[in-house]
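Novice: sequence plus the predicted model coming up.
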Amino acid sequence: GSGELDGNGIPADLFTDIHIRKAFNYCFDFQAMIHESLSDEGIQAQGPILKDMMGYLEDEPFAFAYDLAKCEEEFKLADADKDGIPAGEDDDDIWNRGMYFQIAYNTGNDTRMLGSEILKAGLEAVNPSFNVSVVGMPWPVMLESRRQGKLPVTVAGWVEDFHDPHNWVQPFLYSQGAYGRIVNFPDEKAAEFDNLILEGVKINDPKARAKHYETIQTKAAEEAVNIWMYQFLEGFHYQT
């Protein structure tokens, strides 16, 4: 879009505001994603670390659920134009100005397409001034556009290289990870996650290590680094 808070775009630093990130999470219908896109063969993701893996917090409530009232509340608490006035009280801010942006996914991946459509539906339902387009892109084009920082929101995933929580927190949260390097963390936030991840690699005691990765999992969820959409449950076998 325009790159401005004028109703025809969003500024490049929009997601530095944690209220914006929380609003996006509250506007995403996790259960619709699981039911409609995964045919109930998945679960809501708690954070980057998988269920039944060290660092996953069993029996803990999710940080976010689909809630348009809370989505609206967070948007109104945001200060996207950084003038010190909450958006709900500011005619020049995002709640009253509206916004336009595109969500990109790789063409041919229907699961990610539906995830994009679900986010679009939630955002447009909470405020008629919000306008979102879903754009399918060939995988190489999407990767290059993402590397160049041209895509405000993308839908993507990860398949582990080895079964350990490090192989999940490093790609998503480490400043030089596959996704961490394109999230554009502020320097201070990047240093916080980097230190936690590098420290976790050095811990040998299983109990201490589990506790450490639980801390990373909690921080990743509470900071709303991403919309942690779903964990697909594999291992199904169908026969007729």
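Specialist: Structure received.

Novice: Glu36 belongs to a helix?
Specialist: Yes. With DSSP: H, G, I helix; E, B strand; the rest coil as the criterion, Glu36 is assigned to a helix.

Novice: got a list of what it touches?
Specialist: By Cβ atoms under 8 Å, 6 or more residues apart in numbering, the contact set of Glu36 is Leu114, Ile118. The C-beta positions use only the backbone N, C-alpha and C, and glycine is treated the same way.

Novice: now the strands for the chain?
Specialist: All strands of the chain, identified by DSSP state E, fall at 42-44, 99-106, 130-137, 153-154, 230-232.

Novice: partner strands of the fourth one, parallel or antiparallel?
Specialist: Using DSSP bridges, strand 153-154 pairs in its sheet with strand 99-106 (parallel).

Novice: and the strand it pairs with, average pLDDT?
Specialist: Average pLDDT, strand 99-106: 97.

Novice: same check on stretch 53-65?
Specialist: The average pLDDT for stretch 53-65 rounds to 94.

Novice: adding distance to Asp205 and mean neighbour count, write the strands of the chain out as JSON lines.
Specialist: Below are the strands of the chain laid out as JSON lines (distance: least, Cβ to Cβ, whole Å; neighbours: other Cβ atoms under 10 Å):
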{"stretch": "strand 42-44", "distance to Asp205": "29", "mean neighbour count": "18"}
{"stretch": "strand 99-106", "distance to Asp205": "40", "mean neighbour count": "21"}
{"stretch": "strand 130-137", "distance to Asp205": "45", "mean neighbour count": "16"}
{"stretch": "strand 153-154", "distance to Asp205": "37", "mean neighbour count": "20"}
{"stretch": "strand 230-232", "distance to Asp205": "27", "mean neighbour count": "18"}
